[in-house]
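Chemist: 3D model of this:
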Amino acid sequence: MGILKSRRRFLAGLAAAGVYGPLTQFGLTRMALAGQSEQPLLKVVIVVIPDGTAVDSYQGGPFGDGRGLWHPTAQGMDTTAFTLNEVSKELEAYRNQSLYLRGIISGPGNSGHNNWNYILRDSAQSQSSIDVLLGNALPGNEPSHRSLFAGPHAGIDGTPWFVSFQGKAIRTPYRDPMLMAESLFKTPAQARRALEPGAGKLLEASLADIQDIKNRLSPGQRQKLDTHLDSVEQVIKDLEEARPPVGGCEPVMLEPLDYQSAEHRTRIQADHHKVVATALSCGITRVATVQIGRSAESLNIIDVSRDKNPHDCAHRYAGEAVWRGTRQWYVRQVRELMDELSRHADPDMPGHNLLESVLVIVTSEMADGAPEHSIDMPLVMMGGACGLLKSGEGAGRYLNITTQADKSHHTGNPVIGKNFVDMQRIWATVAKAAGTSVPYAGNVDPVSGIFTNV
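Modeler: Alright, predicted model coming up:
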């Protein structure tokens, strides 16, 4: 392999320039300053809320009525004249940099809680999710964290309904924010070891021995071994491609709390936001997914109700107040994440905050958790996004995209009709804006009107 050799040349060049040397905190700071490009680099954060955002009214039927708490009321198909609804108004502070899309279907439209399999990937459920694809196209300085996956309270009951996929394999998110922070933020000594030219040498030597063993195996055994070898080679590659932070990267200090407890739910959520925002601000990663809870959410939101779980609330079993309150709580956490992003500096543009270069995409694995359908899906894009997002020139924007529909639904709803854009086309559009593409079968035509470069 030539990876180690090229890495040594790179480090030798840094040493000659006086940038490398002992990786003290001062040394890291010098490297950070040397690495700043002063060019905006797009970052993407995807947030998935469980059990819908109540797109239908409290009296809505089997496929709903589209008159619920999420979609804005608008004075046209494409307009800056719109009013946020009871749940979406939790994001009022960021209205001026928001694009609310309407007219989307995810999966077949009636897959219920199983739609976590579809929401961030292709309609055939066969390829990597959009966050993984974007992570490959928009690498940060730490290849092993090219697509950070945070899952506050996701699957803590042992139900692995996680929305991010590497191919057909489900990815497991960080549930404990302290463990996520420890994985992301290394001490200077740890950083020095990771960057030493021989960091992957032991693994590389082991590979040679394994290759010798491989030649003695049967074809079936060899195939199994190949899978493991690919993983080891990727680890070596990640070790050798790791670069120091390019922005201020102080480790996040968190109070040890029970990350599975309902008592600390809001605090743990905020801790996840801090870690994700810091990782983006350091340049460690440029892509992050935040999955809040899981579909059929079972952990109570004490801020809303101590004795009613959010899934029952979404089903309208527990009364109108907690039905509304739980949906508002989830979206309020998105606002808190936006606030956290705005407090951090951009790693590539000195004097600018992180939110100016971040595209934040918010959706759910279903539209409404009572009838459990996924038509008329909630989706809002926010943030500066390096100027790529067409968000109404500082006024915010509502865009009905049903004129670009490629799918029909047998009932639809009385507000939006029966024609919808498949969610995989939204991801194809995001990918194109980021300079890449999706390997999805079927219709992947980009949706116009969302980004300035698509």
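Chemist: Leaving out chain neighbours, which residue sits closest to residue 442?
Modeler: residue 123 (6.1 Å; Cβ to Cβ, 6 or more residues apart in numbering). Just so you know, the C-beta spots here come from the backbone N, C-alpha and C atoms, and that holds for glycine as well.
Chemist: per-residue confidence for the one you found?
Modeler: Residue 123 is assigned 97 on the pLDDT scale.
Chemist: Around the closest residue to residue 332 other than its chain neighbours, count how many other residues there are.
Modeler: Among residues not flanking residue 332 along the chain, residue 90 sits closest, at 4.8 Å (Cβ to Cβ, 6+ apart). Neighbour count of residue 90, defined by other Cβ atoms under 10 Å: 20.
Chemist: wouldn't residue 90 be in contact with residue 336 here?
Modeler: No. Taking contacts as Cβ atoms under 8 Å, residue 90 lies outside contact range of residue 336: 9.7 Å.
Chemist: quick one: the residue nearest to residue 442 from residue 444, how far?
Modeler: Applying Cβ to Cβ, to the nearest Å, the value for residue 123 to residue 444 is 10 Å.
Chemist: tell me, what's touching those two both at once?
Modeler: Common neighbours of residue 123 and residue 444 are listed as residue 424 (criterion: Cβ atoms under 8 Å, 6 or more residues apart in numbering).
Chemist: got a list of what residue 294 touches?
Modeler: 50, 116, 153, 154, 155, 159, 161, 162.
Chemist: Show me how this protein divides into domains.
Modeler: Following automatic domain parsing, the chain resolves into domains at 1-35+189-248, 40-185+254-433.
Chemist: Deepest-packed of those domains, please.
Modeler: domain 40-185+254-433 (a mean of 21; mean count of other Cβ atoms under 10 Å).
Chemist: how far does it stretch from start to finish?
Modeler: Taking Cα to Cα, to the nearest Å as the measure, domain 40-185+254-433 stretches 14 Å from start to finish.
Chemist: C-terminal to the lowest-mean-pLDDT helix or strand in the chain, what's the next element?
Modeler: When each helix and strand of the chain is scored by mean pLDDT, DSSP states H and E, helix 25-35 comes last, with a mean of 35. Note on helix 25-35: by DSSP states H and E, the next helix or strand toward the C-terminus is strand 43-49.
Chemist: Could you look up the next helix or strand downstream of the host helix or strand of residue 332?
Modeler: Assessed by DSSP H and E, residue 332 sits inside helix 320-343. As assigned by DSSP H and E, the chain's next helix or strand after helix 320-343 is strand 358-364.
Chemist: who touches residue 385 in this structure?
Modeler: Contacts for residue 385 (Cβ under 8 Å, 6+ apart) come out as 42, 357, 358, 359, 451.
Chemist: List the contacts of the second one.
Modeler: This points to residue 357. Each residue near residue 357 by Cβ under 8 Å, 6+ apart is listed here: 40, 41, 42, 43, 346, 348, 349, 383, 384, 385, 386.
Chemist: mind checking the SS state of the residue positioned nearest the centre of the chain?
Modeler: Centroid-nearest residue in the chain, with Cα atoms, centre = their mean: residue 289, separated by 2.0 Å. With DSSP: H, G, I helix; E, B strand; the rest coil as the basis, residue 289 sits in strand.
Chemist: What residues does it make contact with?
Modeler: Applying Cβ under 8 Å, 6+ apart, the residues contacting residue 289 are 45-48, 120, 129, 131, 147-150, 163-164, 173.
Chemist: Of those, which is the nearest to residue 215?
Modeler: residue 147 (34.7 Å; Cβ to Cβ).
Chemist: Quick check: the closest one touching residue 287?
Modeler: Yes. At 4.8 Å, residue 147 and residue 287 qualify as touching, with contact defined as Cβ under 8 Å.
Chemist: any common contacting residues for those two?
Modeler: Common contact partners of residue 147 and residue 287 (Cβ under 8 Å, 6+ apart): 131, 134, 135.
Chemist: Let me have the residues you listed in a markdown table, extended by distance to residue 409, secondary structure and pLDDT.
Modeler: Shown next, in a markdown table, are these (distance: Cβ to Cβ, whole Å; DSSP: H, G, I helix; E, B strand; the rest coil; pLDDT from 0 to 100):
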| residue | distance to residue 409 | secondary structure | pLDDT |
| --- | --- | --- | --- |
| 131 | 26 | helix | 99 |
| 134 | 28 | helix | 99 |
| 135 | 32 | helix | 98 |
